[in-house]
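Asks: sequence unknown, structure follows:
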């Protein structure tokens, strides 16, 4: 509830916008958070596209032969799925410049796909429980400790953090939230939903391991089991449930990320350059169309990057492993969000340094060994550390040798990010309060009309004096309204440059 109220009071349009708004409206902090969000979310979008491709291949070619399906790029179904999703996202998500205006149609679509996949999973669970009751279930052998991909506790922690730091989760749960009572309902309904959708997981895994072993990827058990029993109807239902889930995540995630990229990467530069030369007294100064075009280009670029990444990792990693890596990268934003909510006096520079330090620590522990493994090399410094300093080795950073790689990456990145922010905040002290700009009515009217309807700008500036500086309260209302379109950091930059 606190997060929703803070976002509503500040007119925050995204996770990066809320963090930057609470910590001084610094554009560099917003751009840094956006960079980490992009690096973490694009692999997750690729994961969904790869899941769609593998699921369709399993449905059409069979579970065993689907692993050999690797079509050329122009015949890759994931490319056309990505383009179709981009078109849907542009059609329903970029019709208005204001990002805080609610999209009831989009929320209704997400709610429908959530219920649809829940029904599909429950029907699959009943099929496994009743239809395969005669199959002798054998527990899969426990993997050796060294082969553990992550561990239970890091995954639980990442699952909890995902509700707050995944851009699409933040958009649906915070930006699109209309009433605080919805949060109170979600407190008991969301855990119940997770419990119900997880019920079939263990029987499904046991049945898949007993029937297929290692011949079929565990990610495809949900489709392979009904197909092996000749039940194409349930297989089709499960495929449609997975397709709807992946589609909803990709569309909302791409919308949220394109909004962050447009507002916090490109808008600051354009506000200092081409958009700064706008003329507010006529239509030539209205840049809302340019802003929407920028978001649409961002949507297509994000989709194509996700598809390219899915081609790159195709056949190299299990889908669950790619998801864990993506979640752990985004988890490096958790300390910055915590400081924004509970310690808003933290200097923006300290928060920016904390995000960068946490992400670099995550990259050293998680990304560097993955790249070395993918390249087929096994350098000694991964275990012995650079220059013989074993406590700096990615596989034993700070002496955490008994932890899984995922657990070590999550723990170290959260600690380094929080510690760096606290240290620099104690050295720099609280930021100075900004003084009023002293802009006149004509300047503020011209700046506002670049991104707001003229009628709305005139309404906001109705009580402003015709001559002399405009009162700070009126100027703040205009900035608050602009923040819904540009983000708070870029809105402040627009008025500063006016």
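Replies: The structure has been received and is ready for your questions. None of the values given here were measured: they were computed from a predicted structure.

Asks: Could you tell me which ranges of the stretch 251-400 of the chain sit under the pLDDT cut-off?
Replies: 274-284, 314-320, 374 (pLDDT under 70).

Asks: Near the nearest residue to residue 261 once chain neighbours are set aside, how many other residues are there?
Replies: Once flanking residues are discounted, residue 261 sits nearest to residue 298: 5.0 Å by C-beta to C-beta, 6 or more residues apart in numbering. C-beta: built from backbone N, CA, C; applies to glycine. Neighbourhood size, residue 298 [other C-beta atoms under 10 Å]: 23.

Asks: OK, contacts around residue 298?
Replies: Neighbour list for residue 298: 257-258, 261-262 [criterion: C-beta atoms under 8 Å, 6 or more residues apart in numbering].

Asks: Could you report the distance from it to residue 39?
Replies: Using C-beta to C-beta, to the nearest Å, we find residue 298 at a distance of 15 Å from residue 39.

Asks: Quick one: name whatever helix or strand follows whichever helix in the chain runs longest.
Replies: Identified as the longest helix of the chain according to DSSP state H is helix 27-61. With elements assigned by DSSP states H and E, the helix or strand that comes after helix 27-61 is helix 77-93.

Asks: Off-centre distance for that next one?
Replies: Here helix 77-93 is found 17 Å from its chain centre; the criterion is C-alpha atoms, centre = their mean, to the nearest Å.

Asks: Give me the helices and strands touching it, please.
Replies: Helices and strands touching helix 77-93, as assessed by 3 or more C-beta pairs under 8 Å, 6 or more residues apart in numbering; DSSP states H and E, comprise helix 27-61, helix 104-126, helix 232-261, helix 288-313.

Asks: buried residues in the longest helix of the chain?
Replies: 27, 29-59 (16 or more other C-beta atoms under 10 Å).

Asks: Tell me who's in contact with the spatially closest residue to residue 237 that is not a sequence neighbour.
Replies: Once flanking residues are discounted, residue 237 sits nearest to residue 120: 5.1 Å by C-beta to C-beta, 6+ apart. Contacts for residue 120 (C-beta under 8 Å, 6+ apart) come out as 237-238, 240-242.

Asks: Quickly note the distance from residue 120 to residue 78.
Replies: Noted for residue 120: a distance of 21 Å to residue 78, by C-beta to C-beta.

Asks: and what of residue 479?
Replies: Where residue 78 is concerned, residue 479 sits at a distance of 42 Å (C-beta to C-beta).

Asks: before we move on, what about residue 43?
Replies: 14 Å.

Asks: repeat for residue 301
Replies: 16 Å.

Asks: More neighbours: which of the two?
Replies: Comparing residue 301 with residue 78 by other C-beta under 10 Å, the one with more neighbours is residue 78, at 23 against 15.

Asks: Next one, pLDDT for the more buried one please.
Replies: As predicted, residue 78 sits at a pLDDT of 82.

Asks: Thought residue 55 was touching it, still the case?
Replies: No - applying C-beta atoms under 8 Å as the test, residue 78 and residue 55 come out as separate, 10.7 Å apart.

Asks: Identify each buried residue in the helix or strand that contains residue 268, please.
Replies: Element membership of residue 268, judged by DSSP H and E, is helix 267-272. Under the neighbour-count criterion of 16+ other C-beta under 10 Å, helix 267-272 has 267-268, 270-271 buried.

Asks: Stretch 343-355 too?
Replies: 346-355.

Asks: Backbone dihedrals for residue 385, please?
Replies: Dihedral angles of residue 385 (phi, psi; degrees, to the nearest 10) stand at phi 90, psi 160.

Asks: oh sorry, the question was meant for residue 322
Replies: phi -60, psi -40.

Asks: State the number of residues packed around it.
Replies: Around residue 322 there are 21 other residues, counting by other C-beta under 10 Å.

Asks: That one: what's it in contact with?
Replies: Contacts of residue 322 by C-beta under 8 Å, 6+ apart are 43-44, 46-47, 50, 313.

Asks: Equivalent analysis for residue 132, please.
Replies: 207, 211, 225, 229.

Asks: gap between it and residue 350?
Replies: Counting by C-beta to C-beta - residue 132 and residue 350 are separated by 56 Å.

Asks: same check, this time on residue 391
Replies: To residue 350, residue 391 is 26 Å away according to C-beta to C-beta.

Asks: What of residue 453?
Replies: Residue 453 is 38 Å from residue 350, where distance means C-beta to C-beta.

Asks: what's the answer for residue 169, then?
Replies: Residue 169 is 26 Å from residue 350, by C-beta to C-beta.

Asks: Same question for residue 123.
Replies: 51 Å.

Asks: just residue 416 next, same as before
Replies: From residue 416 over to residue 350 the distance is 13 Å, taken as C-beta to C-beta.

Asks: for residue 425, same thing?
Replies: 4 Å.

Asks: One more: residue 490?
Replies: In terms of C-beta to C-beta, residue 490 sits 21 Å off from residue 350.

Asks: Does residue 251 touch residue 91 like I think?
Replies: No - counting by C-beta under 8 Å, residue 91 is not a contact partner of residue 251; they are 10.1 Å apart.

Asks: higher neighbour count, the two?
Replies: residue 251 (26 against 10).

Asks: That one - nearest residue in space that isn't next to it in sequence?
Replies: Nearest to residue 251 is residue 89, by C-beta to C-beta, 6+ apart, at 4.8 Å.

Asks: Could you report the neighbour count for that neighbour?
Replies: The number of residues near residue 89, taken as other C-beta under 10 Å, comes to 24.

Asks: And the buried residues of helix 267-272, which two are furthest apart?
Replies: Spanning the widest gap among the buried residues of helix 267-272 are 268 and 270, at 7.4 Å by C-beta to C-beta.

Asks: related to what we said a few turns ago, format the buried residues of stretch 343-355 as a markdown table; extra columns: secondary structure.
Replies: Shown next, in a markdown table, are these (DSSP: H, G, I helix; E, B strand; the rest coil):
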| residue | secondary structure |
| --- | --- |
| 346 | coil |
| 347 | coil |
| 348 | helix |
| 349 | helix |
| 350 | helix |
| 351 | helix |
| 352 | helix |
| 353 | helix |
| 354 | helix |
| 355 | helix |
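
Asks: what's the closest of those residues to residue 486?
Replies: residue 348 (17.5 Å).

Asks: Quick one: residues contacting that closest one.
Replies: 20, 23-24, 26, 28-29, 431.

Asks: Next, work out how far apart it and residue 358 are.
Replies: For residue 348 relative to residue 358 (C-beta to C-beta), the value is 16 Å.

Asks: what's the answer for residue 168, then?
Replies: Taking C-beta to C-beta, one finds residue 168 at 21 Å from residue 358.
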